[in-house]
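Trainee: Using only what follows, build the 3D model:
(one chain, ligands or ions: 1)
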Amino acid sequence: MKIKAFAPGKVILFGEHSVVHNKPAIAVAINRGVDVELTSRSDNNVTIEVPLINYSKEHELVNKKLVFELDSQNKMITDYIYEVINLFEFDTGFDLTIDIKMYLGAGLGSSAAVTVSCMKALSLFNHIEMDKKEIATKARDIEIKIQGAASPIDTSMSTYGGIIYINEEFELQRINFDMDLPLIVSNCELSGNTGQLVESVRQKYVKYPEIVGNIFNAMQEISKNAKHALENGNSEELGDLMNLNQGLLDSIGVNTVELSDMVYLSRKFGAKGSKLTGSGGGGCIIAYCPENINRIYEELSSKYPTFKCEQSDEGVYGQIIQE
Ligand code: PMV
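Mentor: Numbers count the residues shown, from 1 in each chain. Predicted structure coming up:
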């Protein structure tokens with residue numbers, strides 16, 4: 001038996017940081033994420049390969065379960081794979097290859113995409129029907145177990161795909177839109193610490209409540225306007241709003257020299273809008289490129305790891321390609 005599954009990563013289009021202070025945000029699932037291939041074996045062995053991190057391990061099933069111990073100190077992307085495997089019992093062994101086609105620890109939701117894609121592949125292997133709601137819930141439980149806390153955004157994006165508006169009550173609403181969203185993601189290869197960055201923004205808010213409060217209010221207006229721009233297919237406005245959001249993120253101290261370099265490089269060569277995505281302090285930028293995408297890609301990729309992507313409307317999918 002051979003199975004293939006895919007789950008998308010995500011980028012935050014608008015509203016990072018202000019969302020922590022109950023302002024709306026917009027997240028997009030991207031058609032770049034994690035591909036999983038599972039092949040059944042006739043023995044009781046289980047092999048796990050993650051080429052991106054040169055990970056390769058072989059185990060043996062004991063009473064239909066895989067026995068493993070995770071290092072509680074060092075959290076690894078492979079922890080998510082083992083936790084998913086632990087949800088199931090197996091009659092035979094299998095070879096599992098997890099091909100992560102995006103950056104780790106860069107705010108793109110790689111752990112959620114790994115979790116969700118593995119869950120899809122392993123449920124198909126076991127002939128267990130798991131609907132998207134169950135996948136999203138179980139994937140989030142695993143994120144909470146490993147990370148201690150997790151918002152439902154990453155696991156929802158990986159499962160359902162599309163573009164999601166996170167409102168002031170932190171409810172996730174799908175945005176219906178009918179426009180292409182050609183994006184470039186560029187990674188400065190330094191990683192920011194999300195917890196520390198969120199805390200530094202909170203301290204600024206405490207110190208300058210009027211000023212930072214009004215910056216959050218402006219970010220709120222940006223997310224609201226962006227929702228309408230997406231619904232109405234207004235690409236000019238969408239780009240403007242990204243640039244406005246970037247300026248405000250800079251003002252609260254989460255931008256960096258490298259992120260700025262990528263942002264301005266993409267604008268110089270024709271991006272309609274560009275901004276950091278996620279917590280900042282490092283990580284990635286996104287550039288919205290309805291025109292000039294190849295030129296912008298060339299310029300960015302000559303200096304930074306870069307990929308092109310679009311929204312993923314479908315979310316997780318998988319199929320048995322050979323019985
Ligand atoms: O880097 P990411 O994708 O985990 O995004 C962090 C977004 C913040 O708003 C900074 C924090 C949060 O929990 O929403």
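
Trainee: all contacts plus neighbour counts: C-alpha atoms, from now on.
Mentor: Will do.

Trainee: Does T92 belong to a helix, a strand or coil?
Mentor: Following DSSP: H, G, I helix; E, B strand; the rest coil, we place T92 in the coil state.

Trainee: List the contacts of I215.
Mentor: L248 (C-alpha atoms under 8 Å, 6 or more residues apart in numbering).

Trainee: how near is it to T256?
Mentor: 18 Å (C-alpha to C-alpha, to the nearest Å).

Trainee: same question, K207
Mentor: 22 Å.

Trainee: what's the burial count for L248?
Mentor: The number of residues packed near L248 is 18, by other C-alpha atoms under 10 Å.

Trainee: go on, K64?
Mentor: By other C-alpha under 10 Å, neighbour count at K64 equals 14.

Trainee: Could you tell me which residues make contact with it?
Mentor: 89-92.

Trainee: if I read this right, D178 contacts G233, doesn't it?
Mentor: Yes: judged on C-alpha atoms under 8 Å, D178 makes contact with G233 at a distance of 6.6 Å.

Trainee: Of these two, give the one with the bigger neighbour count.
Mentor: Shown here are D178 and G233; by other C-alpha under 10 Å, G233 has more neighbours (16 against 10).

Trainee: Pull up the residues of the protein that are close to the ligand.
Mentor: Applying C-alpha under 6 Å from any ligand atom, we find that the chain lies next to the ligand at 16-17, 19-20, 107-108, 198, 278-279.

Trainee: and those residues as a markdown table, adding secondary structure and neighbour count?
Mentor: Output for the residues of the chain next to the ligand, formatted as a markdown table (DSSP: H, G, I helix; E, B strand; the rest coil; neighbours: other C-alpha atoms under 10 Å):
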| residue | secondary structure | neighbour count |
| --- | --- | --- |
| E16 | coil | 23 |
| H17 | coil | 24 |
| V19 | helix | 21 |
| V20 | helix | 16 |
| G107 | coil | 25 |
| L108 | coil | 26 |
| V198 | helix | 17 |
| G278 | coil | 27 |
| S279 | coil | 24 |
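
Trainee: Of those residues, which is the nearest to P51?
Mentor: L108 (18.3 Å; C-alpha to C-alpha).

Trainee: Look up the pLDDT of the residue lying closest to that closest one once chain neighbours are set aside for me, please.
Mentor: Once flanking residues are discounted, L108 sits nearest to K10: 5.1 Å by C-alpha to C-alpha, 6 or more residues apart in numbering. Note on K10: pLDDT of 98.

Trainee: Secondary structure of K10: a helix, I assume?
Mentor: No: under three-state DSSP, K10 sits outside any helix and is assigned strand.

Trainee: Just give me the neighbour total for it.
Mentor: 32.

Trainee: That one reaches S156, doesn't it?
Mentor: No: if you go by C-alpha under 8 Å, K10 and S156 don't touch, sitting 9.7 Å apart.

Trainee: So between K207 and T256, which is more surrounded?
Mentor: With neighbours defined as other C-alpha under 10 Å, K207 and T256 compare such that T256 has more, 16 against 11.

Trainee: confidence score at the more buried one?
Mentor: At T256, pLDDT is 97.

Trainee: Please name the residues that touch it.
Mentor: Taking C-alpha under 8 Å, 6+ apart as the test, what T256 contacts is 280-282.
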